[in-house]
Each structure stands twice: as structure tokens, then as C-alpha cells.
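**Student:** The following comprises the amino acid sequence and a computationally predicted model.
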Amino acid sequence: MESNPTRMCELLVGLPAVTVLGIDDVEDGPIRVHLERSESRTGCPACGVVAASKGRRLVELVDLPVYGRSSRLLWHKRRFVCRDVDCENKTWTEVDERIAHPRLTLTDRAGRFATRAVGQDGRSVNEVARELGCDWHTVNDAVLAYGSALIDHPDRFDDVKALGLDETAFVRLAPYFRTNFITSIVDVGAGQLLDIVKARGGQGTVDWLRSQPESWRSGITHGTLDLSSAYRKVFLDELPDVTLVADPFHVVKLATSKLDEVRRRVQNETLGHRGRKNDPLAGTSTSHHGRGAPERRRQNQAAQPARSRRPEGRGRHRLARQGGRPRA
């Protein structure tokens, strides 16, 4: 059991090669732990000459919560100057990425926690920021920095047997901008989003496939798509040996739309006008909200809970009390 107070503080902080200088306990505020690195001597990174001290700079870092309270690490970072007057590296500040990345305001462990929480657990950036007691941008910058390294890692995803391509509208059409589409590249078997490329189909998707190693591409046996001719061309040109599988939703949608076209054509040829409520073909409409499905509407109304339907005459009685006249 450790009984040295200084060593006990260092164990609680949980960082290597640091010395705890003190702790600020502010009421209704985060716990602030002052620390410095244990190594006091260093050499110039350019020429190797032993450097001289040039003071300290206090850097505040957001750390993981402790005992139900948010915390901050106040790192007393040493500044150094090279003793060699001919050295191009005049001054610098000590860096230890085990404590924090030099361009982030979260500690290394807090940045990794935020990245896992957002990327793996699906939590929002705002939720993680509230837990750490910092602002949205602090957490988002850390997630982008740590997440980009994971995305660029060559072993980010395993072998893929079924590759899916689908489009998504990220920005809708408005007076000041047009609709922007992206292509989602998905591992259908694992249900994992592999990457996102700009536009739908086209050269962006082709370049992404060509950037993958041939051994990975040769393992793909099936390709799923939404009946898009652009995606079909991508598969035929880049992965000609895969078996194409259409999305069931789009297959059913196409079949029902063709059935509606036949119904409208037969309606016009036999009766000479569009579908009406009492026409023989009215009940064959595939639309859930159109005039041609009275039987389906009656079934849906009968399936509703009794308390959700307005009693007969309720509106008429209200109008009578207000002095109005109900419509015939």
C-alpha cells in the first residue's frame, strides 16, 4: 500500500512521468490539477546540445471527470532555448503526447474517450461535451483528429463479400443552393459504413474502388444497388464478376408503380375518365391516400382505437353552442 502523499496523487492522476504540484478545488467548478513533467533536462531536437530553461507556460487541458466532477489538468510546460548560437532551432516548448496532443485542448485519454463515445457508441458531440464540462468545438476537434487517423488506417475494415452502394441527399434544394448527393459505400454483410464519397455514382465511386488493393476487390462476390444505372455501370466496369442484387424496397416500388400505370390506362380506355370513388377499378389502387382505395381507408379506420375517433355529432354540438351553423 502506498503511503507517500506525493506518490498517491501521481497514482490518482494516472499519467506517466509527471509530478503533481497542487490541486485547486473551486466550489461549483471543475477540479484543477497542477502538474509538470518529471524530466527536467532535455537536449535540442536539432543539434542535441543541452538546452537552457526559458521559463514556463501554463496550459489548461480538459480531462476525464473524477468522482462525479469535471476536471482540468494545468500543465506547467517548460520552454527551452538552445545554447548553440548557430543552431536554427532557437526556442521550443516541451511536448509529451502521452499527456496531450500539442494542438488539442483535451488530454490524450479524454480525446480517445470522446472518439469512442461518438464514433463507436453513437453518442452526440454535445452530449459528450456536457459530460466533460467543455464546449462543443473542443470535443469535435478531438474527434476529428483521432477519428481521421482511424479512417486512414489500412486495416480499418475486414474482407467484404457483399458491397452496397446507395445515394443520400445531404443538402436539399433551396433558393440559394441545389441538392447535394453523396454515395454511401457499405459492407452489407457486417452492416458497416465503409466510406462516403461525393456525388452519386460517377468517377468518385470508381476512384474509391480503384484505390483499394486488388486482393480486397477480388473477394467481393455480390453488389447491392437501388436500380440506379450509374451504380450498375460502376459494378459492371470495376467489378464485372460480382452478382448484382437489387434493393427489395426499390423492386417493390417499381412493381407497384407499373401496376398503377396499367390501372390508369385500363381506366381511361374502358370508362374514358380518371378513377372515381365508385368505379370498378377504384379498389385496385396501390396508393394508401388516393381516392381509389375506399375499402382500405375503411379498414384502417376500423382498426383505430375507439378513443382516438371523434364521436358522431361532437362537432355539430360544439357549433350549436357557439351559435354557428353546421355544414350540411
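**Tutor:** Happy to help now that I have it.

**Student:** what about the closest residue to V160 other than its chain neighbours, neighbour count?
**Tutor:** Nearest residue to V160 in three dimensions, chain neighbours excluded: D187, at 4.8 Å (CB to CB, 6 or more residues apart in numbering). All C-beta atoms are positioned from the backbone trio N, CA, C, and that covers glycine. With neighbours defined by other CB atoms under 10 Å, the count for D187 comes to 18.

**Student:** Show me what D187 is bridged to.
**Tutor:** Assessed by DSSP bridges, D187 has beta-bridge partners L163, Q192.

**Student:** I'd say it and L194 touch.
**Tutor:** Yes. Contact criterion CB atoms under 8 Å: D187 and L194 qualify, at 5.7 Å.

**Student:** shared neighbours, those two?
**Tutor:** When contacts are counted by CB atoms under 8 Å, 6 or more residues apart in numbering, D187 and L194 have 157, 160 as shared neighbours.

**Student:** List the residues that contact the residue nearest to V160.
**Tutor:** Per CB under 8 Å, 6+ apart, neighbours of D187: 157, 160, 162-164, 193-194.

**Student:** Tell me which other helices or strands the biggest strand by length in the chain touches.
**Tutor:** When the chain is parsed with DSSP state E, its longest strand is strand 52-66. In terms of contacts (3 or more CB pairs under 8 Å, 6 or more residues apart in numbering; DSSP states H and E), strand 52-66 is packed against strand 31-37, strand 69-81, helix 108-115, helix 125-132.

**Student:** Give the buried residues for that strand.
**Tutor:** Neighbour-count burial for strand 52-66, counted by 16 or more other CB atoms under 10 Å, picks out 61-65.

**Student:** and which of the residues you listed is nearest to L144?
**Tutor:** Closest approach to L144 among these (CB to CB): V62, at 15.5 Å.

**Student:** in terms of contact, does the closest one touch G133 like I think?
**Tutor:** Yes. V62 is within contact range of G133, at 7.3 Å (criterion: CB under 8 Å).

**Student:** what touches both of these two?
**Tutor:** Common neighbours of V62 and G133 (CB under 8 Å, 6+ apart) are S70.

**Student:** Excluding its own residues, what touches stretch 209-222? List them.
**Tutor:** Applying CB under 8 Å, 6+ apart, the external contacts of stretch 209-222 come out as 159-163, 188, 234, 238-239, 242-245.

**Student:** and L193, how many neighbours?
**Tutor:** Per other CB under 10 Å, the neighbour tally for L193 reads 12.

**Student:** ok, the residue nearest to it when sequence neighbours are not counted - contacts?
**Tutor:** In space, L193 comes closest to V186 once its chain neighbours are excluded; the distance is 5.7 Å by CB to CB, 6+ apart. For V186, the contacting residues are 163-166, 192-194, by CB under 8 Å, 6+ apart.

**Student:** for the residue positioned nearest the centre of the chain, helix, strand, or coil?
**Tutor:** Nearest to the mean C-alpha position of the chain, by CA atoms, centre = their mean, lies G119 at 6.8 Å. The three-state label given to G119 by DSSP: H, G, I helix; E, B strand; the rest coil is helix.

**Student:** element containing the residue nearest to it when sequence neighbours are not counted, please.
**Tutor:** Leaving aside its sequence neighbours, G119 sits nearest to G147 (CB to CB, 6+ apart; 5.7 Å). According to DSSP states H and E, G147 maps onto helix 136-151.

**Student:** Can you name the residues in contact with that helix?
**Tutor:** Contacts for helix 136-151 (CB under 8 Å, 6+ apart): 62, 101, 103-106, 110-112, 114-115, 118-119, 125-126, 128-129, 132, 156, 195.

**Student:** re the thing from before, now, which of the contacts of D187 sits nearest Y176?
**Tutor:** Ranked by distance to Y176 (CB to CB), the contacts of D187 are led by L193 at 29.4 Å.
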